[in-house]
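In: Using only what follows, build the 3D model:
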Amino acid sequence: MKSVHYSNVLDDNAATKRPSWVEVHPQNYFGDGGPAHRWLTAIAGVYPLSFHSVGLSLGSADGLNTDDLEKIAALCDRYQPAMVSDHLSWSGNAHDRYPDLLPIPYTRECLDHFSAQIARVQDRLKRPILIENPSRYLSYRQDEMSETDFISILCKEAGCGLLFDINNVEVTATNVGLDMDAYIDAIDPGIVGEIHLAGHATERHDSGPLLIDDHGSIVSDITWALYRRFIERAGPIATLIEWDTDIPEYDVLMAEVGKANVILAAPLSEEPRHALAR
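Out: I've put the predicted structure just below:
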């Protein structure tokens, strides 16, 4: 939810264009008061909230960002969100912070470290959290397992769930050469607590297209097809349209929500395409 849409989601005359729930970046509410909290308090009185953190840096070698964790814990006490999530990534080290969500190697060592950081968060917040699959632009040579296997093991061992970003599947699969359908079919719906859909930008290079996860446009036809493929097997799951750059008019955003609602309302596929990978 962006500040330009605050008044729209509270408009009593636009009930047919209201979302079912809203998601915010908790880092935008780390101040103690002011207009942002007045708006969020009003919105929390009408809608369930989801907190989608972008700053815990769970994959950092020296451990998570404890300042962010304490502030998120205070916000959870204040607003009681239905869900809390962060990313399968790192964003800093002992000396610097980076304004990006950087990929981690898919090794047993990294899995153990990441699981331990999730445990710290869940113990502090006294709740399970969701971890979002990344949008990647490279792979590590030392990877010991696939991304889907890493996620599956992580959710089992850490006791967390998956925030399944299906745009990120298209971005990652295109950039590093994965099978999109196989990725979708490898995800157990039982671990998925929320879905994200978004648009991306495309750069054309001699080596092929490079997709940039900029959340600045409508959802692509490929991502819609992947979403439909997953929902046919999984059934309805809370779904969010992310739009973080070139913010559109409210009606444009809600038109994307309407497309998702059509897919969510469709009957389940009678037979799964593939057995679940476990």
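
In: gap between Gly92 and Ala36?
Out: Using Cβ to Cβ, to the nearest Å, Gly92 is found at 24 Å from Ala36. C-beta coordinates here come from the backbone N, C-alpha and C atoms, glycine included.

In: neighbour count winner among those two?
Out: Neighbours were counted for Gly92 and for Ala36 using other Cβ atoms under 10 Å; Gly92 has more, 19 against 15.

In: Name the SS class of the closest residue to that one other than its chain neighbours, please.
Out: Nearest residue to Gly92 in three dimensions, chain neighbours excluded: Ser57, at 5.1 Å (Cβ to Cβ, 6 or more residues apart in numbering). Three-state call for Ser57 (DSSP: H, G, I helix; E, B strand; the rest coil): coil.

In: Quick check: Ser57 touching Leu69?
Out: No. Here Ser57 does not reach Leu69: they are 10.1 Å apart, not a contact under Cβ atoms under 8 Å.

In: More neighbours: the two, which one.
Out: Ser57 (24 against 20).

In: what pLDDT does the more buried one get?
Out: Here, the pLDDT recorded for Ser57 equals 95.

In: quick one: it from Asp11, how far?
Out: Ser57 is 37 Å from Asp11, by Cβ to Cβ.

In: just Gly34 next, same as before
Out: Using Cβ to Cβ, Gly34 is found at 22 Å from Asp11.

In: what do Ser57 and Leu69 both touch?
Out: The overlap between the contact sets of Ser57 and Leu69 (Cβ atoms under 8 Å, 6 or more residues apart in numbering) is empty.

In: List the contacts of the residue nearest to Gly235 when sequence neighbours are not counted.
Out: Of all residues not flanking Gly235 in the chain, Leu268 sits nearest, at 5.7 Å (Cβ to Cβ, 6+ apart). Contact partners of Leu268, counting by Cβ under 8 Å, 6+ apart, are 232-233, 235.

In: As a check, name the ranges of all helices in the stretch 51-200 of the chain.
Out: 66-79, 108-125, 147-158, 166-176, 180-186 (DSSP state H, counting those that start in this stretch).

In: For those helices, state which one has the densest average packing.
Out: helix 166-176 (a mean of 23; mean count of other Cβ atoms under 10 Å).

In: Contacts made by that one with the rest, please.
Out: Contacts of helix 166-176 (Cβ under 8 Å, 6+ apart): 132-139, 147, 178-180, 183-184, 195-200, 209-213, 219-220, 222-223, 226-227, 230, 242.

In: about what we covered before: type out the ChimeraX command that picks the buried ones from the contacts of Leu268.
Out: Provided next is the ChimeraX selection string for whichever of the contacts of Leu268 are buried by 16 or more other Cβ atoms under 10 Å:
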select :232,233
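
In: Please list the members of the contacts of Leu268 that lie in helices.
Out: 232-233 (DSSP state H).

In: tell me which of the contacts of Leu268 is nearest to Cys110?
Out: Arg233 (28.8 Å; Cβ to Cβ).

In: how close does the closest one sit to Ser3?
Out: Taking Cβ to Cβ, one finds Arg233 at 36 Å from Ser3.

In: Same check on Ala158?
Out: From Ala158 to Ser3 the distance is 33 Å (Cβ to Cβ).

In: per-residue pLDDT, Ile118?
Out: 98.

In: List the residues that contact the closest residue to it other than its chain neighbours.
Out: Spatial nearest neighbour of Ile118, chain neighbours left out: Ala158 (4.2 Å); criterion: Cβ to Cβ, 6+ apart. For Ala158, the contacting residues are 114-115, 118-119, 122, by Cβ under 8 Å, 6+ apart.
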